[in-house]
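Asker: return a 3D structure for these sequence lines:
(4 chains)
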There are 2 protein chains.
Amino acid sequence: MSVTLKDVAQAARVSVSTASRALTGTGLTSERTQQRLTRIARELGYRPNPIARGLKTGQSRLVALLVHNLTNASFQVMAEVVQARLKALNYQMLLCIGGDDAQQESDTLTTLVDHRIDGLIVVPTGKNGAQLKALANDVPIVCLVRRDDATDLETVLADDPQGAYLGTRHLIELGHKRIGLIVGRQDTTSGRERLSGYVRALREAGIAKDDTLVHAGHFEPETGATGCRKLLDLARPPSAIFVANHEATLGALRVIAERNIAIPDDLSLLCYEDMPWFEWHRPAISIVDNGARDLANLAVDRLLHRMDAKSNGNDGVREYRVGARLVQRDSCRRIEAASAARTPRPKPSKSKSSAAKSSAAKPAKV
Amino acid sequence: MSVTLKDVAQAARVSVSTASRALTGTGLTSERTQQRLTRIARELGYRPNPIARGLKTGQSRLVALLVHNLTNASFQVMAEVVQARLKALNYQMLLCIGGDDAQQESDTLTTLVDHRIDGLIVVPTGKNGAQLKALANDVPIVCLVRRDDATDLETVLADDPQGAYLGTRHLIELGHKRIGLIVGRQDTTSGRERLSGYVRALREAGIAKDDTLVHAGHFEPETGATGCRKLLDLARPPSAIFVANHEATLGALRVIAERNIAIPDDLSLLCYEDMPWFEWHRPAISIVDNGARDLANLAVDRLLHRMDAKSNGNDGVREYRVGARLVQRDSCRRIEAASAARTPRPKPSKSKSSAAKSSAAKPAKV
DNA sequence: AATATTGATGCAAACGATTGCAGAACTGGC
DNA sequence: GCCAGTTCTGCAATCGTTTGCATCAATATT
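Answerer: As a prediction, the model looks like this:
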């Protein structure tokens, strides 16, 4: 079907071995034949068969990226970054979707090593530690975004403590004293770390931690909705909410919209991780950027480093942290001490507050 | 490193050929040895090497999906569907991102066939027709979402004329007479087809087509913004806008928010293709669903059919259309004849109008 | 000019599976 | 118990590369 090395060799009247050496540039051929063969190969449209080569060399020039899903914007940019980087190095990216599911992750992992991938970047579920550890003997592996505590794999993490700290401090600096936090499950690293960053910022500012202001829940929009409702229904509701669980953002936004709460006038809102539409939203939503782009780049760096035969041994460093960054847009507002305790929820008594708000918003056509 | 067929054969004291036959189940082995070998293979943890197998059989159990990007929600669900389907059949999906770029598409395509993929589902840029056509001799190919006119490849398309028709008719049925359309470039199939669906619906309803109501532009949010502004600035602005260009949605929404236009009270808004946050948005945004899920499924069906050696020849059908569906949410409203010409733009006199507000300001809870 | 040295080439064996062909082991019929 | 017929098994070639080793030519060394 396609042109093989043998064809090239025949056309050039040399043996396959010479042809191979000339084309792979192992340097054991004369300058002249090398050039002649490259020319002939090009003319014939020869393309080496990676399967055959792989069989012999044990390499595939395939690098896999295993993520939970593609809905998460962070994973999207990571995938794009990884793809671009690898492509430049003549590797093909194998993008796999594991759905944060232990079984599926396990299956995918075996398929991948079967296919003799040259490297793997994985967002681990944390439930296949043993398997991952075993695979690490065969293939260079780098963990991304999450750590699998059952392994000692090199891991590239977002600096969640810092990110949460940054965000919380920003809100404090704007004058907020009661800051609600919606955060992920506390049995995950990111869930715990974000909470800790929040707590640290409060402590530094001398603000007493109020447990009723913290809602920890699953990675679903629904969490955001219930969390948000819970916070707003408090006797003394927060003047700012920090949604530090990416998946919860939609739910929180919905509740805010349902209750006609004006952002940032009635409530400041800060979210974690960017979404493409955040800056198109009105008001544009301020975020803590976890640095997805940097994370992906670093992961690729580390992987390539490990794939480099020479540096097979580890460097001692087991964990890398990529700094988070505050992106200020329009959803957080400076607040005066007096209004800190103002309740954004319309009480029956002062019935006009909500109506006034919305009509003020579009006074044109009453 | 890993267990090979030879190891299994040795352990069972048979030849490799017998082992191979027993394990692949070619039926030429005795029941007894077959069972014995499967047992031993399992005990030893034997996993066939797809590379070696591929070299011999010319198959890789790899199927590639080549899309433009991962930002587009449709591509996300397609990727997930394809992945799930293929996985069930023991194929590994190779997800590639081509960026709607001719060069990148071309490169990726060659890499893919080099890797001897067993099949390919591609959203073509339309600029590598010749190459695609040539590749089709080596690999079963199905085009998705877009057609490449330079080829006669089997293609699974969304029914854009019908979708646009459906959406427009819906707005007409709600009483709208002046319906703005923001649509994609007219040198793309989808751009043309959506316009034609729109036109047909108007014609059927006996509404004269007004060219000033149609804005065709590039696949970018900016298009949505300028288009939306243009429409709203008209002397007789539309009472409904149909954003039939997925990428333009964000831009349109922003302009609407900036101008404090209340959806659906001041303006009905209908979009094309779903985004995960549309139903969380307030008001939830009505859409024409292009059926991404069905498209992906059908594409897989067709591909599998072609990959089936028996049915190598084509079936004559070159083009499949997947029906679109109207998903009514809260962004379109019935309109009275009188209000059709009302201008939603606030006059300068109301100076405070630009105060930020979330797009959800409807005085529901007064 | 003969030999040592270097550099370029070819032969053939891998890599791990599949598969045509031929031989071995069974089966049953006489 | 022998032979035809059937079923099972093994040998060896093959897929398209890479690579150790031997060979051979050309150059350098004396």
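Asker: just the helices in the stretch 251-366 of chain A please.
Answerer: A:292-307, A:352-361 (DSSP state H, counting those that start in this stretch).
Asker: an error on my part: the question was meant for the stretch 101-250 of chain A.
Answerer: Going by DSSP H, counting those that start in this stretch, the stretch 101-250 of chain A shows helices at A:102-114, A:129-135, A:160-173, A:189-204, A:221-232, A:249-258.
Asker: out of these, which is closest to chain B?
Answerer: Taking Cβ to the nearest Cβ, helix A:249-258 is the member of the helices of the stretch 101-250 of chain A nearest to chain B, at 3.2 Å. From N, CA and C alone the C-beta is placed, and that goes for glycine too.
Asker: by contact count, what packs against that closest one?
Answerer: Where contact means 3 or more Cβ pairs under 8 Å, 6 or more residues apart in numbering or on different chains; DSSP states H and E, helix A:249-258 is packed against helix A:221-232, strand A:240-243, strand A:268-272.
Asker: show me where chain A dips below the pLDDT cut-off.
Answerer: A:1, A:27, A:309-315, A:337-366 (pLDDT under 70).
Asker: once you drop chain neighbours, what's closest to the residue nearest the centre of it?
Answerer: For chain A, residue A:74 is the residue whose C-alpha lies nearest the centre (Cα atoms, centre = their mean; 3.9 Å). Spatially, and ignoring its direct neighbours in sequence, residue A:74 is nearest to residue A:292 (4.1 Å; Cβ to Cβ, 6 or more residues apart in numbering or on different chains).
Asker: and the one you found, what does it touch?
Answerer: Residue A:292 is in contact with A:73, A:74, A:75, A:77, A:78, A:81, A:273, A:274, counting by Cβ atoms under 8 Å, 6 or more residues apart in numbering or on different chains.
Asker: 10 Å instead?
Answerer: By Cβ atoms under 10 Å, 6 or more residues apart in numbering or on different chains, the contact list for residue A:292 reads A:72-81, A:144-145, A:158, A:273-274, A:322.
Asker: same question for residue A:208.
Answerer: The contact partners of residue A:208, taken as Cβ under 10 Å, 6+ apart, are A:177, A:202.
Asker: what about it, distance to residue A:177?
Answerer: The gap separating residue A:208 from residue A:177 is 9 Å, by Cβ to Cβ, to the nearest Å.
Asker: who touches both of these two?
Answerer: residue A:202.
Asker: give me the number of residues near residue A:110?
Answerer: 12 (other Cβ atoms under 10 Å in any protein chain shown).
Asker: thinking again about what came up before, pick the one among the contacts of residue A:292 closest to chain B.
Answerer: The closest of the contacts of residue A:292 to chain B turns out to be residue A:76 (Cβ to the nearest Cβ; 4.4 Å).
Asker: phi, psi for the closest one please.
Answerer: Phi and psi for residue A:76, reported as degrees, to the nearest 10, are phi -60, psi -50.
Asker: was I right about it contacting residue A:67?
Answerer: Yes: if you go by Cβ atoms under 10 Å, residue A:76 and residue A:67 touch, sitting 9.2 Å apart.
Asker: domain assignment for chain A?
Answerer: Here the domain parsing of chain A from automatic domain parsing is A:5-48, A:59-158+A:294-323, A:160-290+A:326-343.
Asker: of the ones you listed, which is nearest DNA strand C?
Answerer: Ranking these by distance to DNA strand C, with Cβ to the nearest atom of the strand as the measure, places domain A:5-48 first at 3.1 Å.
Asker: does the closest one reach DNA strand C?
Answerer: Yes: Domain A:5-48 lies within reach of DNA strand C by Cβ under 7 Å from any atom of the strand, at A:13-18, A:21-22, A:28-33.
Asker: secondary structure class of residue A:64, three-state.
Answerer: Here residue A:64 is recorded as strand under DSSP: H, G, I helix; E, B strand; the rest coil.
Asker: residue contacts, it?
Answerer: A:82, A:92-96, A:108-109, A:111-113, A:115, A:117-122, A:139, A:141, B:92.
Asker: what's the neighbour count on residue A:39?
Answerer: Residues lying near residue A:39 (other Cβ under 10 Å) number 11.
Asker: which strand or helix spans it?
Answerer: Residue A:39 is part of helix A:31-44, with elements assigned from DSSP states H and E.
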